[in-house]
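[1] Quick one: sequence plus predicted model below, questions after.
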Amino acid sequence: MTIARIFGDRRHAWAFWFGCLIVTAGVALHLPMYWMGRDMGFHLAGMAMDAGMWWGMALIVGGVALTAFGLLPAHKGEQGSLEVLAPPEDAPLTGAHWAMCALLSLALIVDIMKPASLGFVTPGMREEYGLSDAMVSILPFAALSGTVVGSFVWGWLADVYGRRASILLSSVMFVGTSICGAMPDFWWNVGMCFLMGAAAGGMLPVAYALLAEIMPTRHRGWALVLVGGIGAVGGYFAASALSAWLQPDWSWRVMWFLNLPTGLILIALSPLLPESARFLQHVGRGDEARAMLARFGSRVRTVGVAPDTESRSHLPPVDRRHLAITLALTLAALAWGLVNFGILLWLPSALVAEGRSVEAASALIARSTLIAAPTILLSVWLYSAWSTRGALALMLGVTALGLFGLLLRSMGVSVLADPVAPLAMLIVGSSGVIAIILPYTAENYPLRIRGRATGWIAGCSKLGGLLAQGLAVLAAAPPLGFAAAAIGVLTVAALGLVAAFGRETRGRDLRDLENPR
């Protein structure tokens, strides 16, 4: 399959590739500044940026704009006159499906590695820039702000311009934001971290939407959860392993420069990344949809004519027909963000304040995490073999039990003096929730708003974290017991709404799930 054929649906394919080249050149102009500090441990704080860096930033901005232009569709189809083709519901699992799962797993590993690197760069950044803890906390706050914005914006882009184009735009931005590694000023790092977060936050929900629309029905559930789990575990492992390998010799800055090769790898593999045949049908590009269905082993046959009865302008939260499930998933996402970026980050300090040593507190959390390690595989089995709605409700329930266990412990319940049990439940539950919630979202909304819906829920999961980090920046984090109680109530509300209004999606054709009930 040639590159020309792959990009034949784009208005100006040359603009995409030329834009990638310009962005890469802009990054290369920052490398001399980084290399200049090799005899000083790559300490660049306080140094003046040279003309090459300023020109490099201008090239990056222009290159990203050019790639976005190059990714615009070559034409719009005839909405309303499109024949409906047999989608990949009845297709066998082929090598093309496995290749797509592998490629999206790699994309999510790269995607999650970006924000995961924050924990490994902040110690070196604090030392080089001479920052206080409050100032350092601005960096993850900026990254989370970016992921919220990126999830919302990229979800919209995916529904308008296509799933594939949105993923490629994120990859290009990964390359551009690698210049963070050469920035001599902390606030440039903050700005670049926001942009990196936007690209990372945008890729995740779009990848889920693409995977949901291409996998056959009987394989969709386990593939969604497993690919997401591989991305999460692989991203954190890659960040920690590369940090241990590279930072001793190349400083914390090299973690940002890793955005260059990883982004270029995704771009180089882009000819292998498919577009959703469902999306192609939806926008009236029937010939391309037929070719994509055939690529994935579907029987290409006409089953009717698609009526043009629905507008594509609605956002999920204001579509009355999906209001109940949107509210349920929004509360669940907010609760997860507050747990992951609030409770679990505040817990070590709370344990130290009780008189435990830092080593003992870290060991305790590590033991609890080890207990929770098989959660991803358990989630895959529950979601694909038992019940999609039940799996999400179960994980929300386990999370709530962990939160109320921490509450009871803070009230002096002696049996919970050792927090391993409630902490393990909290980690198991929250890990299961994030493994399940985006796949479940992708299956619950019609194609016309699937990207925006998944982006909305992904953004809300980060918004909960943003609220927690905002409290930390303001030094207003509540006592652990009070926080656990408040988030526990939110989690129980989400559990009740999922149980009452959630739909069972396991084994169901996505065409049957187009309507709310």
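    It's in. Numbering: from 1, shown residues only.
[2] any idea which residue sits dead centre in this protein?
    With distances taken as CA atoms, centre = their mean, the residue of the chain nearest its centroid is Leu204 (3.2 Å).
[3] got a list of what it touches?
    Counting by CB atoms under 8 Å, 6 or more residues apart in numbering, Leu204 makes contact with Leu108, Asp111, Ile112, Ser151, Gly231, Leu438, Ala458. Where C-beta positions appear, they are placed from N, C-alpha and C, glycine not excepted.
[4] for Arg220, same thing?
    Arg220 is in contact with Leu211, Ala212, Glu443, Leu510, counting by CB under 8 Å, 6+ apart.
[5] What distance do you get for Val283 to Ser240?
    Using CB to CB, to the nearest Å, one obtains 41 Å as the distance from Val283 to Ser240.
[6] do the same with Ile112
    Distance from Ile112 to Ser240, counting by CB to CB: 12 Å.
[7] Looking at these two, which is more packed in?
    Summary of the neighbour comparison: Ile112 and Ser240, criterion other CB atoms under 10 Å, with Ile112 having more neighbours (24 against 15).
[8] From the chain's centroid, how far away is the strand or helix carrying that one?
    Take DSSP states H and E as the rule and Ile112 turns out to sit in helix 95-116. The offset between the C-alpha centroid of helix 95-116 and the centroid of the whole chain comes to 11 Å, using CA atoms, centre = their mean, to the nearest Å.
[9] which other helices and strands contact that helix?
    Judged by 3 or more CB pairs under 8 Å, 6 or more residues apart in numbering; DSSP states H and E, the packing partners of helix 95-116 are helix 138-161, helix 163-176, helix 186-214, helix 217-250, helix 259-268.
[10] after it comes which helix or strand?
    As the chain continues past helix 95-116, the following element, by DSSP H and E, is helix 118-129.
[11] Could I get the average pLDDT for that next one?
    Within the predicted structure, the mean pLDDT of helix 118-129 is 82.
[12] just stretch 277-289 next, same as before
    Averaged across stretch 277-289, the pLDDT comes to 80.
[13] Just the terminal-to-terminal distance for it.
    The straight-line separation of the ends of stretch 277-289 (CA to CA, to the nearest Å) is 5 Å.
[14] Which positions within it qualify as buried?
    The neighbour-count check on stretch 277-289 (16 or more other CB atoms under 10 Å) flags Ala277, Arg278, Phe279, Leu280, Gln281, His282, Val283, Gly284, Arg285, Gly286, Glu288, Ala289 as buried.
[15] These into JSON lines, with extra columns for secondary structure and distance to Ser379?
    Converted to JSON lines, the buried residues of stretch 277-289 look like this (DSSP: H, G, I helix; E, B strand; the rest coil; distance: CB to CB, whole Å):
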{"residue": "Ala277", "secondary structure": "helix", "distance to Ser379": "27"}
{"residue": "Arg278", "secondary structure": "helix", "distance to Ser379": "25"}
{"residue": "Phe279", "secondary structure": "helix", "distance to Ser379": "27"}
{"residue": "Leu280", "secondary structure": "helix", "distance to Ser379": "31"}
{"residue": "Gln281", "secondary structure": "helix", "distance to Ser379": "31"}
{"residue": "His282", "secondary structure": "helix", "distance to Ser379": "30"}
{"residue": "Val283", "secondary structure": "coil", "distance to Ser379": "33"}
{"residue": "Gly284", "secondary structure": "coil", "distance to Ser379": "37"}
{"residue": "Arg285", "secondary structure": "coil", "distance to Ser379": "35"}
{"residue": "Gly286", "secondary structure": "helix", "distance to Ser379": "37"}
{"residue": "Glu288", "secondary structure": "helix", "distance to Ser379": "34"}
{"residue": "Ala289", "secondary structure": "helix", "distance to Ser379": "32"}
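[16] Quick check: Ala385 vs Ile376, distance?
    Between Ala385 and Ile376 the distance is 15 Å, computed by CB to CB.
[17] which residues does Gly451 contact?
    For Gly451, the residues meeting the contact criterion (CB under 8 Å, 6+ apart) are Trp154, Gly155, Trp156, Leu157, Ala158, Asp159, Arg163, Ser166, Pro205, Val206, Ala209.
[18] Weed out the non-buried ones from these.
    Going by neighbour count (16+ other CB under 10 Å), those have Trp154, Gly155, Trp156, Leu157, Ala158, Asp159, Arg163, Ser166, Pro205, Val206, Ala209 buried.
[19] Out of these, the closest to Asp418 would be?
    Pro205 (38.1 Å; CB to CB).
[20] Just to check, that closest one is in contact with Thr454?
    Yes - assessed by CB atoms under 8 Å, Pro205 is found in contact with Thr454 at 3.8 Å.
[21] Show me whatever sits in contact with both of the two.
    When contacts are counted by CB under 8 Å, 6+ apart, Pro205 and Thr454 have Gly155, Leu438, Thr441, Ala442 as shared neighbours.
[22] Mind checking which of the residues you listed are in helices?
    Assignment to helices by DSSP state H places the following of the shared contacts of Pro205 and Thr454 there: Gly155, Leu438, Thr441, Ala442.
[23] Counting neighbours, what do you get for the spatially closest residue to the third one that is not a sequence neighbour?
    Counting by CB to CB, 6 or more residues apart in numbering, Ile457 is the residue found nearest to Thr441 once chain neighbours are left out, at 4.6 Å. As a burial measure, the neighbour count of Ile457 was computed by other CB under 10 Å and equals 28.
[24] Ile457 and Ile434: what is the separation?
    11 Å.
[25] Now do the contacts for Leu416.
    Counting by CB under 8 Å, 6+ apart, Leu416 has contacts Gly405, Leu408, Arg409, Pro422.
[26] out of the contacts of Leu204, which one sits closest to Ser132?
    Comparing every one of these with Ser132 (CB to CB), the shortest separation belongs to Ile112, at 28.2 Å.
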